[in-house]
Each structure stands twice: as structure tokens, then as C-alpha cells.
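1. coords please:
(one chain, ligands or ions: 1)
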Amino acid sequence: MQYRELSVPGAFEITPKQFGDARGLFLEAFKAGPFVDAVGHPFDLQQANCSVSAAGVLRGIHFADIPPSQAKYVQCLRGAVLDVVVDIRVGSPTFGRWDSVLLDDVDRRSIYLSEGLGHAFMSLEDNSTVMYLCSAGYAPDREHGIHPLDPTVAIAWPTTTRDGAPLTPQLSPKDEAAPTLAEAEAQGLLPTMEAVSSYLATRRDEAKYARTGQ
Ligand SMILES: Cc1cn([C@H]2C[C@H](O)[C@@H](COP(=O)(O)OP(=O)(O)O[C@H]3O[C@@H](C)C(=O)[C@@H](O)[C@H]3O)O2)c(=O)[nH]c1=O
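-> Numbers count the residues shown, from 1 in each chain. Below you'll find the model as predicted:
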């Protein structure tokens, strides 16, 4: 299992080792040790989600108020999605930057997004099945969105499926009505880098105390 930090700090691509045999294959989908080594504190599992999406479905860009926000460890069990992380932390040196990982049933990668980051994905084929672990329970009143087609963020969403068929983005009414990044910032909805850093420092201190007693 290999962790690679993306160009948005706090987000990682995780590539598992797959063991194929006559029966099929096996892989470790999540492991606590490598996670702590890469991220600096344990993953606090509070909820696991699953969504199934037709080709072209575009979910996000979503984020939750901090503290505690909601960190996510995402994988695609069937089909393929382009999974995107957006730096929406006001004061971050990489504010507004996005990065992506192809999650599919071939390489079976995961992406981890720490607290305070924006998350979105587009399904690249029918029935793409995404499973993700969350560090906090769903709190609808604390969830927010940014329009995934905001031209300032300018995410390069795929225009075709893996087979080359054209894709039309399909958004929920809630995501269609979401503000741009600039509007969300003006409305005071975005997390600050300071709040994120302070929350993560507490998580790391707690983890160190649990390990060493000091
Ligand atoms: C996210 C969520 C939704 N729901 C319900 C609310 C609603 O009726 C239905 C669909 O919700 P949404 O339209 O918000 O689903 P969706 O657009 O798939 O939202 C998800 O998008 C991705 C990108 C994320 O990062 C997730 O955290 C989550 O925000 O499911 C829950 O009961 N629990 C949950 O944790």
C-alpha cells in the first residue's frame, strides 16, 4: 500500500497491492498503520457511505463545517469515477487548487481527503459504485457545496467515458444551486486554514498521548 500526497496538501492517493490467484483477487482496502504514518493521526471511523451513479453523474463539491468537518477515505468498487479534491481552506497557500485521482475497479486506488477540503467526483460509467469511510457523522445543517462547474476553480472534468462515449454532467438540484468558490468565501462558509491546522494539531496531540502517555 503506497501513499502519495497530492498537490493539495492533506489529500493522498493510496495504491494497494493486489494479489490475484485462480479465485480472483485480494487487496487491503484500508490499513491503520500506513494511514497514521502518512497522515499523522488515526482515522476515526464514524460512518461509511455508498453511492451508485450513472455515467455523467457529478456529485459535489461538498464540505462540512470545522470542527470537526468530515475527512473521507474513498474508493470505487465497481466502474470508474474521477475523484477531485479542492483546496477551499481560506489562507492556504494552495487555496483554489484542485487535484484528482482516477478511482476504478482496475487499479483499485483510494483517495484520502483530510478535514476542511472540498470533495467531488464524476462517474465515468453506469453503476459506478463508490464507498467511503467518514471521520464524522452526517450533519446536513453543517454540509455545504460549491458549484462543480465554477469556471474559476476550472476542474477539467472528463468529457467521455472510458469507452469514448460522450458524457454530459448530471448534477443534483442542490449542487446546481450551489455558490461559486468566491461567493462561498464572501458568505463566510469556507473553513480557514488556521481552523484546520489547529484541529489537526489537536488530533495529532491526542494520537501522540494515546501512544506515549505524554
Ligand atoms: C451524504 C448523506 C446523504 N444522506 C441522504 C440525504 C439525501 O436524501 C440523500 C442524497 O444526499 P446528497 O444529495 O447530499 O448525496 P451526494 O450528492 O452523493 O453527497 C455526497 O457527495 C460526495 C461528493 C461527498 O463528498 C459526500 O460527503 C456527500 O456530500 O442521502 C444521508 O442520509 N446521509 C449522508 O451521509
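
2. residues touching the residue of the chain found nearest the ligand, list them.
-> Going by CB to the nearest ligand atom, the ligand is nearest to residue 138 of the chain, at 3.1 Å. Placement of C-beta: from N, CA and C, glycine included. Contact partners of residue 138, counting by CB atoms under 8 Å, 6 or more residues apart in numbering, are residue 47.

3. Sticking with it, tell me its helix or strand.
-> If you go by DSSP states H and E, residue 138 is not part of any helix or strand.

4. show me what contacts residue 49?
-> Going by CB under 8 Å, 6+ apart, residue 49 touches 131-132, 134.

5. Pairing partners for it in the sheet, please.
-> Under DSSP bridges, the beta-bridge partners of residue 49 are residue 132.

6. same deal with residue 12?
-> The partner list for residue 12 in beta bridges (DSSP bridges) reads residue 5, residue 112.

7. and the lengthiest helix in the chain, how far from the chain's centre?
-> Of all the segments of type helix in the chain, defined by DSSP state H, the longest one is helix 193-212. In terms of CA atoms, centre = their mean, to the nearest Å, the centre of helix 193-212 is set 20 Å apart from its chain centre.

8. What residues sit buried inside that helix?
-> 193, 195-196, 199-200, 203, 207 (16 or more other CB atoms under 10 Å).

9. what residues does whichever helix or strand residue 184 is part of touch?
-> Assigned by DSSP H and E, residue 184 belongs to helix 181-186. For helix 181-186, contacts defined as CB under 8 Å, 6+ apart pick out 86, 88, 90, 96, 144, 146, 150, 152-153, 178, 190.

10. what residues does this structure put near the ligand?
-> Residues of the chain lying close to the ligand by CB under 6 Å from any ligand atom are 49, 51, 59-60, 62, 72, 119-121, 138, 172, 174.

11. Just the buried ones among those residues, please.
-> Among those, those classed as buried by 16+ other CB under 10 Å are 59-60, 62, 72, 119-121.

12. With secondary structure as new columns, can the residues you listed be given to me in TSV?
-> Below are those laid out as TSV (DSSP: H, G, I helix; E, B strand; the rest coil):
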residue	secondary structure
59	strand
60	strand
62	strand
72	strand
119	strand
120	strand
121	strand
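
13. I'd like to know which of those residues is nearest to residue 157.
-> Taking CB to CB as the measure, residue 157 sits nearest to residue 120 out of those, at 9.0 Å.

14. hey, where'd the strands end up in this protein?
-> Taking DSSP state E as the criterion, the chain carries its strands at 2-5, 11-15, 18-21, 24-27, 47-53, 58-64, 72-78, 80-86, 98-104, 110-113, 118-123, 128-134, 143-145.

15. For the helix holding residue 184, what is the distance to the chain centroid?
-> For helix 181-186 - counting by CA atoms, centre = their mean - the centre lies 20 Å from the chain centre.

16. buried residues in it?
-> Neighbour-count burial for helix 181-186 [16+ other CB under 10 Å]: 181, 184-185.

17. so can I have a markdown table of the strands of the chain showing mean pLDDT?
-> Output for the strands of the chain, formatted as a markdown table (pLDDT from 0 to 100):
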| stretch | mean pLDDT |
| --- | --- |
| strand 2-5 | 98 |
| strand 11-15 | 98 |
| strand 18-21 | 98 |
| strand 24-27 | 98 |
| strand 47-53 | 98 |
| strand 58-64 | 98 |
| strand 72-78 | 98 |
| strand 80-86 | 98 |
| strand 98-104 | 98 |
| strand 110-113 | 98 |
| strand 118-123 | 98 |
| strand 128-134 | 98 |
| strand 143-145 | 98 |
